[in-house]
Every structure is written in structure tokens, then in C-alpha cells.
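Peer 1: The following block contains a protein sequence and its predicted model.
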Amino acid sequence: MTSFKICPICGTRAHRSAPVCATCGASLHDVPETSARASRPVVGAPQPDRRFGEIDLSENEVARRGGLFFVGLAILALALLAVLAFPLLQKVMTGIESPSTASPPPPSLTVAVETNTPLPAPVMATVTPPPPTPMPTSTPGPCLHVVVPGDDLISIIFNCGHRSLDVMPQVLDLNSLSSPELIQLGQEIQVPWPTPTPDGAAAARWVLAQDVAADGVTAEAASLGNNGVSGEQVFSTQTPFSLPTETLLPGIGFHIVQPDESMVSIAYQYRTNAETLSQLNPEIAFSQCDFGLDTGGPRCVVFLIAGQQIRVPAPTPTTTLSPTLSGSETPTPTYTPTFNAPSLISPPNRTFFLRNELITLRWIGTGILAEDEEYLVVVEDMTSGAVFKAQTRELSFILPGDWQSAAPEPHEYRWSIGVVRIAEPDDPQYVTDPRLFTWEGRVETS
């Protein structure tokens, strides 16, 4: 009888001497030979071990896993259908409720409330109050100023608001002085305040204070005669009030800042200083200003914008007699808006610059340049004798590199700023005092 081997994985019959299964490739070394009679598995025969994956290709195992997959998919579909159908079922159950089950609203209760009839207002006699008793007004004390180095009696009088020396005799008598030069350091000087003048514009600026209550008409509509109410009726039924206007002391006026104007130029224009402008305009910040100097010093920063209104000392008008023309008069020179020499800012005097530093000259104009005027920048190399010039309308100038000496040793320079007419560049006017600086040459020493 022919014997053979049966593959434990796929059940295929193989030759008794076959080392592996020709169908699935499983090893047949440990598989015993069997005959045709014993081809069916008997009890106790070795079964495939699931732990080592020996049943992955078994037909029974594949069919079993496929059945489990379809059963799980059916359960998931039923659960999803139940979730989607639950809201619809809830609506159907709510709609079939009987409307007769709703409870009727509770009956409203009517409560009778007694009303009180207001009593008529009593008629009271009108009492006219007596006129108010005038109260005495206190007279302000004099302007007090402690003398510090650099003060003189004229500047003290001007700082107290006066713009003329008519008060000088009164100040001398008030302080027991025989001469303005006899003031002492630390002495307290008393100066009478200028007599204030009333603001005539404030008396005429009357407006309506509230609406017309009787007709419900606004003050603006009433002034136009709307709803049958005339302007005279509105003024007769309203309490007017005045809009306050700024009252300036005598000798103080307003100045409108023009483009390219600075605090220094305004101070020179009105013959005053930075300290006086700071006192007259407390709302403007004078940052890092040295009030010991008229210009406030090189670090003084004051931000002004064109169109801004600031308070300044008003110049005192002087009466000028009209001369009798004789025919031999010289023509009047053309007016120029430049009032004084520019004020130098930086660099400070005797500054030393390295060879790789960029030098920028800065200054402040004391007026507005005319259309035919420019600033003249003059830089003289005092070591070599070379002179460099340039014209600009700006308030700063960067020295070109070719103005620097090519020699390795430092050179001493002198610079100044003036105002010239474009047609006459060699005739500068309003020239500043020169300043000095030292600049190393472009070539380094070996």
C-alpha cells in the first residue's frame, strides 16, 4: 500500500520523501507518513499551532475571519441607523401629543386702586431779593524778583510784563534805589504789575444757555424763527452766558508760528529769551534748556508746528514822525526777514574728530530766509590754508570727504555760518562767530 504525507497547513498530499509542501511550502520533515486508510485525522493527531502563524493559509481560518468582519460591519450600520432615526422619532412623538392636555391660563385678577386727587398749589407772594452787597476785591501784590548774576533792573522790569521804562522811577522809589546800577545779588526787587485791560471781545460773545422749554424748540431753531418762535422771544426767555476768552496782560501778544521758524528765531524777533517764552507758555515743553543763555543752550529742544499760537512779548509801538521829503533822499533798502546772525549748535568749540568720523555742522536760524537768500557755510583748513565754501537753505551741512586733509597728521579747522544773497555769494551778512575743531587726516600713519 502506498504511503504519503499530508501537509498540516493546507492538507495537500505530498510524496513520502518530499521535504516541503509543493502548495504552501510548509516543512514536511516532522510529518509522519500515512496510508490511504489513515488519511483522515484521528484523535490525538498533531494540530497546527496558532502561536507561530501556521494557520494563516488555512481555508477554514480565512472563511472564519471573513465572517467576523461582515458581522461587525452589520452591527456598526445598525448603530448608525439608530442614532440618525432617534431625532425623527422624537419629533413624531412630540407632534402626536393632544393639544387638549395643555392647562388653561390662570384667570386674571382685577384690583381696584383708589386715586388721589392732587391739591391745588398754593399761591405764594413773590419776594424780590435785595441787591448783593459789593465785596471788596484784594489788590494783588507787586511782582517779586530775586537778583541773580547777569540780572539788571531793565530786564527785571521787562520780565514782570512791562514793555516800557515809564515805570522805572516808581520801581526805584519802591526799592529805595537812587540808580538802576545799585542792585545787589540776592536782593528782592519789587515791580508793580502792569495795569490789565479788559477784553472787549468777551462782552459781545453771548450764546443761549438752554432750550426753550415751553415750545420744545432748540436754541438754534429758535434763533432761526422756527415753529413760530422769534429770535427776540428766545433771548427774552433764556439766561445768556459768556464764552471765556483768554485775557492777555498788557505787553503780551500772540504769535502764529510760520514754517521753518524755531524758538530761537522767535525769541530774537521779539528781542526776548528762552526763559521768558517758557514762562509765557507753560503748556509748551522746553526740554534740557539752560535758561542762563538767551537761546537756551545747544541742548534746548522746543517742538513747534506751523500754525501754532504762542504768547510773546508784544513790541511797544513808537510814534514815528513823517519826514519832509527834500528830493535828495537815498532809496530805502529792500527788507530782509533775517533779523540776526544764526546761532551755532554743534559741534562744540575745540571738538576732536577721528579720521573715520562724519562731521555734521548744525545751527539755528534767527529768522526766515528770503527767496533770494541762502546760508553760506565757510570751513577753513588753518593747517594747510585751504578754504571751502558751500550754500544751503537747510539748518545742517555734512562736510564732504574731499574737505578732509589727505595728510596723516590732524588738521585744525575753523567754521562759521553766514547769510548771503544768491546773486551776491561773496558778500555774506549776519556771519556767526567762528568755531574750531580738529580732524585727523584720511591716511593712517604706518
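Peer 2: Ah, there it is. Numbering: from 1, shown residues only.
Peer 1: Bridged to residue 361, which residues?
Peer 2: Taking DSSP bridges as the rule, residue 361 bridges to residue 397.
Peer 1: Quick check: the gap between it and residue 379.
Peer 2: Noted for residue 361: a distance of 8 Å to residue 379, by C-beta to C-beta, to the nearest Å. In short, each C-beta sits where N, CA and C put it, glycine included.
Peer 1: tell me, what's touching these two both at once?
Peer 2: Residues touching both residue 361 and residue 379 by C-beta atoms under 8 Å, 6 or more residues apart in numbering: 399, 415.
Peer 1: just the helices in the stretch 251-400 of the chain please.
Peer 2: Remark: helices assigned in the stretch 251-400 of the chain by DSSP state H, counting those that start in this stretch are 263-269, 274-280.
Peer 1: Using CSV, please lay out the ones you listed together with mean pLDDT and mean neighbour count.
Peer 2: Output for the helices of the stretch 251-400 of the chain, formatted as CSV (pLDDT from 0 to 100; neighbours: other C-beta atoms under 10 Å):
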stretch, mean pLDDT, mean neighbour count
helix 263-269, 87, 22
helix 274-280, 90, 19
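Peer 1: Ok, which of these comes nearest residue 252?
Peer 2: When the helices of the stretch 251-400 of the chain are compared by C-beta to C-beta, helix 274-280 sits nearest residue 252, at 6.5 Å.
Peer 1: what packs against the closest one?
Peer 2: Applying 3 or more C-beta pairs under 8 Å, 6 or more residues apart in numbering; DSSP states H and E, we find helix 274-280 packed against helix 153-159, helix 263-269, strand 309-313.
Peer 1: how about residue 148, what does it touch?
Peer 2: residue 185.
Peer 1: and it, backbone torsions?
Peer 2: With angles defined as degrees, to the nearest 10, residue 148 sits at phi -120, psi 170.
Peer 1: For the host helix or strand of residue 170, list every residue counted as buried.
Peer 2: Using DSSP states H and E, residue 170 falls within helix 168-174. By 16 or more other C-beta atoms under 10 Å, the buried positions in helix 168-174 come out as residue 171.
Peer 1: Over to stretch 437-446?
Peer 2: Under the neighbour-count criterion of 16+ other C-beta under 10 Å, stretch 437-446 has 437, 439-441 buried.
Peer 1: pLDDT of stretch 91-99, averaged?
Peer 2: Averaged across stretch 91-99, the pLDDT comes to 64.
Peer 1: returning to what we had before: specify the stretch among the helices and strands packed on helix 274-280 that is closest to residue 293.
Peer 2: Closest to residue 293 of the helices and strands packed on helix 274-280 is helix 263-269 (C-beta to C-beta; 10.3 Å).
Peer 1: ok, and what's touching the closest one?
Peer 2: Counting by C-beta under 8 Å, 6+ apart, 255, 257, 273-274, 276-277, 286, 294-296, 300, 302, 304, 310, 312, 339-340, 343, 364-368 sit against helix 263-269.
Peer 1: Dump it to CSV, restricted to CA.
Peer 2: Extracted C-alpha coordinates of helix 263-269, given in CSV (Å, rounded to 0.1, in the frame of the first residue of the first chain):
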residue,chain,number,x,y,z
MET,A,263,12.0,129.1,19.3
VAL,A,264,15.3,130.9,18.9
SER,A,265,14.2,132.8,15.8
ILE,A,266,11.0,133.9,17.6
ALA,A,267,13.0,135.0,20.6
TYR,A,268,15.3,137.1,18.5
GLN,A,269,12.4,138.5,16.6
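Peer 1: which residues of the stretch 251-400 of the chain fall in strands?
Peer 2: With strands called from DSSP state E, counting those that start in this stretch, the stretch 251-400 of the chain shows them at 252-256, 309-313, 343-346, 351-353, 360-364, 373-381, 387-392, 396-398.
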